[in-house]
Each structure stands twice: as C-alpha cells, then as structure tokens.
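Q: pasting the structure only:
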C-alpha cells in the first residue's frame, strides 16, 4: 500500500461528514469515549439497551463494541449491535478488552470475532496475541510480557477474521492479510491514563465511518491518535502536572489537532512484513 493520505485530509473528511458512532462500551471510560468521538468530529451515542440498539446502529455510520466490563446482558447487546452493523454495512470495530485474562472473556471475544464480521479488531499486544491463539500474559485488562512477533501475530489474526488488526503498544502495529505496518507516534504518558485504549478503539470506529478504506482508516486513526498524544506531551495544548492533567490536555489535543503540526504519514509508517 502506498501511504497517500494526510492526517489533515482525514480529519477534514470526518468533520465534514460528522458520522454517528454507536458505542457499546464499558462503564469505566464511557465519558472519555464519547468526548473523543465528538472531538474528532463524530457524533457519539452510547446506546446499549437491547430494545433499541439494533435500530440505533442501523442509523449510524460506525459501531464500537468494547467488552471492558463484560456481562451476560452486555454480551447479548454487543452481538445484537454487531449483527445490525453487519446487516446495514456499518463499519464495526471490536475491542476485546481483557481477552486472555479469564475463560469468560476468551469466550465472549471469540464470539465477537467469529459470529460477527468486524471491520477492525483492536487490542493491546497481549490481547491480540491471546485472541490469535498464542501464549499471552494479560493481567486484568493490561498487557504484560514481551511480544517480539506481534506484527506476524496480528497478520495471522487478520487472516483468521478478515479484519484489519490494530495492536497497540510502545510501537503500534496495523496489520491486514497481506502486510503489517509499524507506526511511530505517541507518548509514554498515554499509558498512564486509564481508558486511552478505549479511546483508540472509538477513534478507529470514527475514522472507519468516514474513510472508505478500512486499512487507510486504521492507519490514519492510529497515527492521529499518537500525534495527539505527542502534542499533549510537548506542551502544544498547555502544561500538565501528571496523568490527570495530561488526560485533559490530550482531549484538548484531539479537539485541536488542526492547529498542531501534521507529520507526513509516510515518515511515521513503516511496512515491516508483507506477503
């Protein structure tokens, strides 16, 4: 793939189209997920009621399923929302939070990627490795351990699910059935704020809703998210004293990224594996 997009172009498309994104997400980070959607230029709705979620998704342009606080009722709602997304050709992002930590999460995550047809599957290194069927160390919802072959693992999962796979970590990886890319962007402070993984998931749903190509959307969304993290850390949107104030500055960076420097995408994205 030739990298032929810019962050500014992607953001302009999102803000012109204002896609409606239905988020079936967890109670811990729901407010941040809604705000990030709005700040990118999308319209968030957090419908998770079995009585209406299929109708809401049918009228949306994107859908996020995040299993951070998984429950029996929540599982059924996610499957209902995902089926509606597939039926109405709505881009679907699955974030299998904590897969690999418990048998319940393993079963739910497996259902979300086999019973449904996700457009993008996004997780941290441990979650993507566990979902691909390899050994992973996941404590709660956090990835620990070393994952030297995460690019190849992400490609294997892409082949299994026919989805674009995003593995987030110190260096983010975006993989398709044919290639894997490493994205050099972000800041260590992102890892000190609860919910940045959830925010990346809805970022990908928002970009996929506005951009026609899922691979481009995953690359552009992951890069833009990392660049916002850098802009927040380098003071472009004000000073911060620690994780709590960095979180606020990061949200401001997402909302104001038009005013920050946009690096050339091909300078930050490197193809590391291809078939």
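A: Received, thanks. None of these values were measured; they are calculated from a predicted model.
Q: can you pull out the helices in this structure?
A: Counting by DSSP state H, the segments of the chain that form helices are 7-17, 30-40, 53-58, 72-87, 103-114, 125-131, 150-161, 196-210, 214-233, 243-255, 265-268.
Q: Deepest in the core, which of the ones you listed is it.
A: Per-stretch averages of neighbours, counted by mean count of other CB atoms under 10 Å, single out helix 196-210 among the helices of the chain, with a mean of 28. No exception for glycine: its C-beta is placed from N, CA and C like everyone else's.
Q: Show me what that one is packed up against.
A: With contacts taken as 3 or more CB pairs under 8 Å, 6 or more residues apart in numbering; DSSP states H and E, helix 196-210 sits against helix 7-17, strand 20-24, helix 30-40, strand 62-66, strand 92-95, strand 120-124, strand 164-168, helix 214-233.
Q: Adding distance to residue 194 and mean pLDDT as columns, could you present these in JSON lines?
A: Converted to JSON lines, those look like this (distance: least, CB to CB, whole Å; pLDDT from 0 to 100):
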{"stretch": "helix 7-17", "distance to residue 194": "25", "mean pLDDT": "95"}
{"stretch": "strand 20-24", "distance to residue 194": "17", "mean pLDDT": "98"}
{"stretch": "helix 30-40", "distance to residue 194": "9", "mean pLDDT": "98"}
{"stretch": "strand 62-66", "distance to residue 194": "13", "mean pLDDT": "98"}
{"stretch": "strand 92-95", "distance to residue 194": "14", "mean pLDDT": "98"}
{"stretch": "strand 120-124", "distance to residue 194": "13", "mean pLDDT": "96"}
{"stretch": "strand 164-168", "distance to residue 194": "14", "mean pLDDT": "97"}
{"stretch": "helix 214-233", "distance to residue 194": "15", "mean pLDDT": "96"}
